[in-house]
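*Asks:* okay, here's the prediction I keep looking at, along with the sequence it came from:
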Amino acid sequence: MSDTITCDLVLFWHRRDLRLSDNQGLHAAFEKSEKVIGVFCLDPHLLNADEVAPARVSYMLGCLHELEASYEALGSRLLVLDGDPRSTLPTLAIAIGASAVYWNRDVEPYGRQRDRDVAAELRDRQISVEAGWDQLMHIPGAIRTSTVDNKPYTVFTPFRKNWSRQQKTDPAPTPVRAIDLTPSELHAAEQVGAIAVPSDVTLGIDWDGEGFPIEPGEAAAKARLAEFEAEAIFRYNVDRDLPYLSGTSGLSPALKFGAIGIREVWQATCRAAQACRKDVSASDGVRTWQDELIWREFYQTVMYFFPELAEGPYREMWRDFPWENDTRKFQAWCEGQTGYPIVDAAMRQLNETGWMHNRCRMIVASFLTKDLCIDWRWGERYFMQHLVDGDLSANNGGWQWSASSGMDPKPLRIFNPTTQGKKFDPDATYIRRWLPEIRTLETKRIHGGGLTPLEAQSYGYPMPIVDHAVQQKRFKEIYKQHKEKYS
Ligand code: FAD
Ligand code: FO1
């Protein structure tokens, strides 16, 4: 800590950085003063029960409980405000005499506007605002096409190359002690509605946390990273595509809510790369995982520069695409009742656990858009309503990639769900786990889709709601005709 420490009261506003370690904004706040009080605003806009996944809220509140205890261990505290931060946060800052409010910036359109509004309110009241970057290795403006045209990238591969060349920052130091509010400051905070993290972790939403890929909080995220770094990362290039294994890190909720810092994660990958430098396959595993982290940065960076992505298709021709949007078919997809086992297993995993394996996300997204001819935004929304790791940038990127409406230059991507099932779940282990009604069927019959209507009825499993071969042909035809309008 620097010599210039004063005892100014500083608020640190947590949003998706629910941790103390490797937190750049929090470290900056502690550089200013030892009297740093954490604050989190329960924002009704973000907690809209029609749009948010109960699993995600439950994970977030679990993180907040741990964060609250961590602040207490430091000697300070985490205050929680319930209501729009545009009014609640400045009111608190004034009530307790804060001289500054610090936070880490976000890339999402909603968060950016919220932050501009809150900053304006605070500055109007002579409270200083310090907002820096934390959730990306490289800030959005750092990775640009070239010094001549200096534009943001819209394609992953050159972004990745440039990103990889950039100097990496070490994790930010963790604060070791802090000064708490005085009793009168605490009283003032309570007078304006500051509370502890609510013990009703469900906020009226029923979710028991069963089946999360990871427990909430900083400690669980660090433990998972250490476990992954020790073994699975070296096989990631192969295991990541097999949904019946735990071959991926399961860190996505932690990365979404910042239960772990990205610099700490990156450092772990560098240690792993060093540890296996003479082993070609293991090195490939580490590199492939690093690439996923770079995809995360790519999607956040493009969301920052092209916020219109959040509203719909990036490519013009997809904006008036004649989707069929059959609500009964959509319902069957949501419930995992399409008669395509790999699709149904994946949707049941999502509905029951709030998480879905990446390979399966691609399969169900292709099925919804190409086989059912349903607007990808319906799927995007359903995912946000259910995913524990639901994240605007990654989800939108994944859906636009699958629908072929995004920045990716490849025009049409159609997965055959039967082939995908056979290839990535050859013994139907994953399918049996999530579709108990057909658990006893022979593997080749699960993959072959060869149930008679009578058998389907007796197993309680639907016949395929569409024929993939027919739908694929139809979709290509619709696509071709629509594309002609744009050529
Ligand atoms: P790992 O394989 O261990 O990867 C490590 C980390 O890299 C992940 O935790 C995640 O932060 C990041 N990552 C991995 N793949 C991607 C990717 N394709 N794009 C961006 N970041 C990635 N990921 C989300 O975090 N939130 C979402 O809402 C989301 N929606 C998706 C929707 C669709 C249609 C598709 C195809 C993918 C989506 N993904 C999303 C990306 C990916 O499926 C998940 O990040 C991954 O399954 C999370 O599991 P993991 O933590 O074990 O990942
Ligand atoms: N951030 C908050 O500051 N307050 C919340 O109540 C809140 C809820 C929430 C629910 C689901 C979710 O996916 C994220 C949530 N976040 C919340 C984090 C949110 O991603 C950031 O605040 C963004 O900056 C919003 O654009």
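*Replies:* Arrived safely. Ligands and ions are numbered 1, 2, ... in the order given.

*Asks:* send me stretch 308-323 as CSV with only the CA atoms.
*Replies:* Output in CSV follows, covering the C-alpha atoms of stretch 308-323 (Å, rounded to 0.1, in the frame of the first residue of the first chain):
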residue,chain,number,x,y,z
GLU,A,308,-26.4,-3.2,-31.5
LEU,A,309,-25.4,-6.9,-31.3
ALA,A,310,-27.6,-7.1,-28.2
GLU,A,311,-30.6,-6.1,-30.2
GLY,A,312,-30.4,-8.7,-32.9
PRO,A,313,-28.6,-10.1,-36.0
TYR,A,314,-25.3,-8.4,-36.9
ARG,A,315,-25.7,-9.4,-40.6
GLU,A,316,-28.3,-7.4,-42.5
MET,A,317,-29.9,-10.3,-44.4
TRP,A,318,-30.9,-12.0,-41.1
ARG,A,319,-32.8,-9.0,-39.8
ASP,A,320,-35.9,-9.9,-41.8
PHE,A,321,-35.3,-13.6,-42.1
PRO,A,322,-38.6,-15.5,-42.5
TRP,A,323,-38.4,-17.6,-39.3
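
*Asks:* list the buried residues for it?
*Replies:* L309, P313, Y314, R315, M317, W318, F321, W323 (16 or more other CB atoms under 10 Å). Yep, even glycine has a C-beta here, placed from its N, CA and C like the rest.

*Asks:* what about ligand 2: which of the residues you listed touch it?
*Replies:* Applying CB under 6 Å from any ligand atom to the buried residues of stretch 308-323, one finds that nothing falls near ligand 2.

*Asks:* return the backbone torsion pair for the closest residue to ligand 1 within the chain.
*Replies:* Closest to ligand 1 within the chain is G398: 2.4 Å, counting by CB to the nearest ligand atom. Here the main-chain torsion angles of G398 (degrees, to the nearest 10) amount to phi -60, psi -40.

*Asks:* find the nearest non-adjacent residue to P158, please.
*Replies:* T145 (7.3 Å; CB to CB, 6 or more residues apart in numbering).

*Asks:* quick check: pLDDT value at that neighbour.
*Replies:* Confidence at T145, expressed as pLDDT, is 90.

*Asks:* quick check, it in contact with Y153.
*Replies:* Yes. With contact defined as CB atoms under 8 Å, T145 reaches Y153; the gap is 6.2 Å.

*Asks:* what's the domain layout of the protein?
*Replies:* Domain assignment for the chain by automatic domain parsing gives 1-134, 136-168+218-305, 316-484.

*Asks:* rewinding a little: my read: the residue of the chain closest to ligand 1 touches I363, true?
*Replies:* No. With contacts counted by CB under 8 Å, G398 stays clear of I363, the gap being 11.8 Å.

*Asks:* what about these two, which has more around it?
*Replies:* Between G398 and I363, I363 has the larger neighbour count (other CB atoms under 10 Å), namely 25 against 22.

*Asks:* in the helix or strand harbouring that one, what's buried?
*Replies:* Using DSSP states H and E, I363 maps to helix 358-366. When neighbours are counted by 16+ other CB under 10 Å, the buried residues of helix 358-366 are found to be R359, C360, R361, M362, I363, V364, A365, S366.

*Asks:* per-residue pLDDT, D200?
*Replies:* pLDDT, D200: 62.

*Asks:* assumed L136 was part of a strand.
*Replies:* No. Per DSSP: H, G, I helix; E, B strand; the rest coil, L136 lies outside any strand segment and is coil.

*Asks:* confidence score at it?
*Replies:* pLDDT at L136 comes out at 98.

*Asks:* kindly report the same for I205.
*Replies:* 52.

*Asks:* then G209?
*Replies:* Reported pLDDT for G209: 58.

*Asks:* again with the one 5 residues further on
*Replies:* Among the per-residue scores, I214 holds a pLDDT of 91.

*Asks:* just checking, it touches T248?
*Replies:* No. I214 is beyond contact range of T248, at 11.0 Å (criterion: CB under 8 Å).

*Asks:* and L81, which of the three is it?
*Replies:* With three-state DSSP as the criterion, L81 reads strand.

*Asks:* any idea how far it is from ligand 2?
*Replies:* 9 Å (CB to the nearest ligand atom, to the nearest Å).

*Asks:* what do you get for A49?
*Replies:* Distance of A49 to ligand 2, computed by CB to the nearest ligand atom: 11 Å.

*Asks:* so which residues on the chain come close to ligand 2?
*Replies:* Counting by CB under 6 Å from any ligand atom, the chain sits next to ligand 2 at 15-16, 41-43, 46-47, 52, 56-57, 60, 106, 108, 110-111, 390.

*Asks:* so the longest helix along the chain, near ligand 1 or not?
*Replies:* The residue-count maximum for a helix in the chain (DSSP state H) belongs to helix 280-305. Yes. Judged by CB under 6 Å from any ligand atom, helix 280-305 comes into contact with ligand 1 at E292, L293, W295, R296, Y299.

*Asks:* ditto for stretch 367-375
*Replies:* No. Judged by CB under 6 Å from any ligand atom, stretch 367-375 stays clear of ligand 1, getting no closer than 9.2 Å.

*Asks:* now that stretch, how far from the chain's geometric center?
*Replies:* Counting by CA atoms, centre = their mean, to the nearest Å, stretch 367-375 is centred 23 Å from the centre of its parent chain.

*Asks:* show the pLDDT at G250.
*Replies:* On pLDDT, G250 comes in at 96.

*Asks:* surely it is in a helix?
*Replies:* No. Checked against three-state DSSP, G250 lies outside a helix; its state is coil.

*Asks:* how close does G25 get to K32?
*Replies:* G25 sits 11 Å away from K32, going by CB to CB, to the nearest Å.

*Asks:* joint contacts of those two?
*Replies:* Common neighbours of G25 and K32 (criterion: CB atoms under 8 Å, 6 or more residues apart in numbering): Y102, E130.

*Asks:* more crowded one of the two?
*Replies:* G25 (23 against 19).

*Asks:* middle-most residue in this structure, spatially?
*Replies:* The centre of the chain sits closest to D391, judged by CA atoms, centre = their mean, with a distance of 3.5 Å.

*Asks:* so what's the residue count around the closest residue to that residue other than its chain neighbours?
*Replies:* Nearest residue to D391 in three dimensions, chain neighbours excluded: K256, at 4.7 Å (CB to CB, 6+ apart). If you count neighbours by other CB under 10 Å, K256 ends up with 24.
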